[in-house]
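I need the structure of the sequence given here:
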Amino acid sequence: MAEHALSLPAGYRIRAYAWTDAAVLAEVEARASVLFGRFGFPSLVPDSPMEAAEFHALATEGETLVAIERSGNPVGYAVTRQIAGFLHLRELAVDPAHGRRGVGRALLMKVIAVSAERKLDGVSLSTFRALSFNEGFYARHGFLACPLNTAPARLAEQFAAEVPPGIPPETRLLMLRRNGNRSDSPSPCCLKPIS
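All right, here's what the predicted structure looks like:
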């Protein structure tokens, strides 16, 4: 994927992932995870960042976009891969030092744009219910809850695979945002907004 300047705050850019980003993005992931500890999920806060090789494996399981600041340092990322006609957002994280500036939104909008460019059904993800920086954030950007019993089988399987160990599955949900260019697609779920 080429560089993209999608309504980012001044001084930030989005580009494709490179191996040299792995160690820094592993630290970004660890710092971003601290937020989960503040909202009742302390088991999701790692004792230390994952190894660069482990992050690289995550980043290359599909495609990864990286947000960088003016100096060229990575400050956020979005890991995606295609599943069941959707571009599945496996993970999105922004360093809290760069949070609340629109970096996460720009990464998400780029993922949505890539999905539309590829004429996929939309973007899928699994996330935590009732956390403003999870369910609320995605709902504000057009994502709707999709009951697992109406979801495509591969997305339901991915949802189950992404439930962290020790976390009750009912604290999470599958969300979809369908592309406008796919009006011919059946819409088994996501028929109404989350209430």
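
which phi and psi does residue 94 have?
With angles defined as degrees, to the nearest 10, residue 94 sits at phi -130, psi 140.

Distance check, it against residue 104.
When distance is defined by Cβ to Cβ, to the nearest Å, residue 94 is 5 Å away from residue 104. Glycine gets a C-beta too; all of them are placed from N, C-alpha and C.

okay, and the common contacts of those two?
Listed as contacting both residue 94 and residue 104 by Cβ atoms under 8 Å, 6 or more residues apart in numbering are residue 76.

Those two: which has the busier surroundings?
More neighbours sit around residue 94 than around the other of residue 94 and residue 104, counting by other Cβ atoms under 10 Å; the figures are 24 against 21.

Make sure residue 151 is actually in contact with residue 158.
No. Between residue 151 and residue 158 there is no contact under Cβ atoms under 8 Å: 9.3 Å.

Tell me the first helix or strand C-terminal of the helix ranked longest in the chain.
Identified as the longest helix of the chain according to DSSP state H is helix 22-38. For helix 22-38, the following helix or strand on the C-terminal side (DSSP states H and E) is helix 52-59.

That following helix: which residues count as buried?
For helix 52-59, burial by neighbour count (16 or more other Cβ atoms under 10 Å) applies to 52, 55, 56, 58, 59.

who's in contact with that helix?
Against helix 52-59 from outside (Cβ under 8 Å, 6+ apart): 17, 19, 21-23, 25-26, 29, 50, 77, 79, 90-91.

model confidence over it, on average?
Taken as a whole, helix 52-59 has an average pLDDT of 98.

Next, find the distance separating residue 130 from residue 75.
27 Å.

With neighbour numbers in mind, choose between the two.
The neighbour count for residue 130 versus residue 75, taken as other Cβ under 10 Å, is higher for residue 75 (22 against 11).

From residue 67, how far off is the more buried one?
5 Å.

likewise residue 116?
In terms of Cβ to Cβ, residue 116 sits 20 Å off from residue 67.

Have a look at the two and say which one is more surrounded.
Per other Cβ under 10 Å, whichever of residue 116 and residue 67 has more neighbours is residue 67, with 30 against 16.

thought that one was touching residue 93?
No. In this structure, residue 67 is not within contact of residue 93 by Cβ under 8 Å, at 9.8 Å.
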